[in-house]
Structures are given as C-alpha cells and as structure tokens.
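Novice: Take a look and give me a structure for this.
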Amino acid sequence: MNKVAVITGASGGLGQALAKKLLAEQWELILVGRDADKLKSAYGNKHTQIIADCSQVSGAQHVFEAIRNQQLMPTTLAHCVGNIRLGALHRMQEVDFMDCMQANLFSAFHTLAAFTHHLKQASMPGAAVLMSSAAAQIGTQNHEAVAAAKGGVEALVRSAAATYASANIRVNAVAPGILDTAASANILSSELMREVAAKQYPLKGIGKAEDVADLMAWLLSEHAARVTGQVWSIDAGFSVIRPIVK
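Specialist: Predicted coordinates for the structure are as follows:
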C-alpha cells in the first residue's frame, strides 16, 4: 500500500521541510494551504493540492471531502498550521488573541476531527502529529496567548490518543522552540535579536525546520507504531534545563 500523508500549512517553512523529507522516503503527498499562489510557488503543479482554511469546521471538512472525491486514502496527518502572537495579557487585543487560538488550537481540533472521521469511515488505522511549542511547557514572558493555545493542543493530543487507541489511530505532537522560518521572522528580524534568542537555549542556536521535520516523519512512520499520546520536546533543552548564564 502506498504511504499517503496530508500536510496542512504545507507552504510554510516546516510544511515544506516535512514534504521534502517524506518525498525522499517515497510518500505520496496531499498538500493543504489557504493560499493557492503560495502552494504553487512552493510546489509548482506537483502533488495533490487543496485550498482550505483549517481553522474553520467547514474548511477542515472540505479537505477530506476533496480527498474522498479524488478517491485518495491518506492514513497520516501532519498539522503544521500555526502562528506566533506575542504580548502581555493586558496589552493583547481580542482580535490577536482569537487569531492565535484559531490558527493554533481551533485548526488542530477541527482538522484532527475531520481526519479521525475519515479514518473511522474507512476502518483504517492511522497516525497524526500536531504542533505544540516549548512555551506550553515552561513559562515564557509575553507568550500567554500562544502558550494557552498550545497547552490546549497538548491536552487534545492526550485525550484523542485515548479515544482512538482502540482503532489503532495514533496521535502525538512535537514541541519545538524558535525555528528559523518565516513564522519567526519578527522575532529574528536582526542579528542582535537572533543572538539573544540563540543564547536562551542550553544547546545554543536557532532550531531548524528540517530537524523538526525528521522527528515528525518518524512519528508518522511504522517505526513509531507503539508511540501515542506523547508530546516530544525538540527545544535544545529549553523546557527542562536551566542554562549557565555567562
């Protein structure tokens, strides 16, 4: 049977890194994004491309309706949708908070719901990997909104893993620190800001999308067949190690 994966947020830095990794391992790809031009810019006319906003119930359902209409049978999902909204509680506007929740938590909930429904209808096993953040695991200044959203993602992973284990559907998440992608452009907008960001990690430096993609690909593979309900930190020790300050 062909290995078929759905990648949401496929035009982003992490989505592209994961697509490249899975292609090298002979996976067939279904690429999902909100912007047709960005998908085409990243992938040309290759692969199955679906335009949808996964932060809405209708958008997530449209993805799998399109998949069924094309008679495709993906058994894995990598949900790479998300954004970073920084700011202290008392300064954050409601529109920014809701945008953060929709992009990070609501999109994960709606997409995972549509994916598990797709698998249950077909009586197929499967695996999903969602995106969390180191900010959900350790208090970080001005990260209240994204920490709340990603904390919800981690709780969603554990509960969904319990619900669908009997159907052999695995659900896990990865929790990186800052990655050198467009999503972190504002945080890494100057050499000074990059230097300050890099120093906060026990293993100094800025994370690479390719490293996270390697872990996500493993979690989707048969090599992780006994792994579910887990949140995998890939944050250079940020959430568990106190760095030596010099």
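
Novice: residues near Phe64, how many?
Specialist: Using other C-beta atoms under 10 Å, Phe64 has 24 other residues around it. In short, each C-beta sits where N, CA and C put it, glycine included.

Novice: what element comes up after the helix ranked longest in the chain heading to the C-terminus?
Specialist: For the chain, the longest helix by residue count, based on DSSP state H, is helix 144-164. Counting by DSSP states H and E, the next helix or strand C-terminal to helix 144-164 is strand 169-176.

Novice: So which bits of that following strand are buried?
Specialist: Buried residues in strand 169-176, counted by 16 or more other C-beta atoms under 10 Å: Ile169, Arg170, Val171, Asn172, Ala173, Val174, Ala175, Pro176.

Novice: model confidence over it, on average?
Specialist: For strand 169-176, the mean pLDDT works out to 98.

Novice: for stretch 104-122, same thing?
Specialist: For stretch 104-122, mean pLDDT is 98.

Novice: Run the chain-centre distance for that stretch.
Specialist: Put simply, stretch 104-122 sits 13 Å off its chain's centre (C-alpha atoms, centre = their mean, to the nearest Å).

Novice: Show me the contact partners of that stretch.
Specialist: Stretch 104-122 is touched from outside by 6, 8, 54-57, 59-61, 63-64, 67-68, 73-75, 77, 79, 81-83, 125-126, 128, 130-131, 146, 149-150, 152-153, 156, 160, 164, 167, 169, 171, with contacts defined as C-beta atoms under 8 Å, 6 or more residues apart in numbering.

Novice: before we move on, what about stretch 229-246?
Specialist: Outside stretch 229-246, the residues touching it (C-beta under 8 Å, 6+ apart) are 132, 134, 137-138, 154, 157-158, 161-162, 165, 171-177, 199-205, 207, 211-212, 215, 219.

Novice: Which of the residues you listed are buried, as a ChimeraX select command?
Specialist: Command for ChimeraX, covering only those of the contacts of stretch 229-246 found buried under the criterion 16+ other C-beta under 10 Å:
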select :132,134,137,154,157,158,161,171,172,173,174,175,176,177,201,207,212,215,219
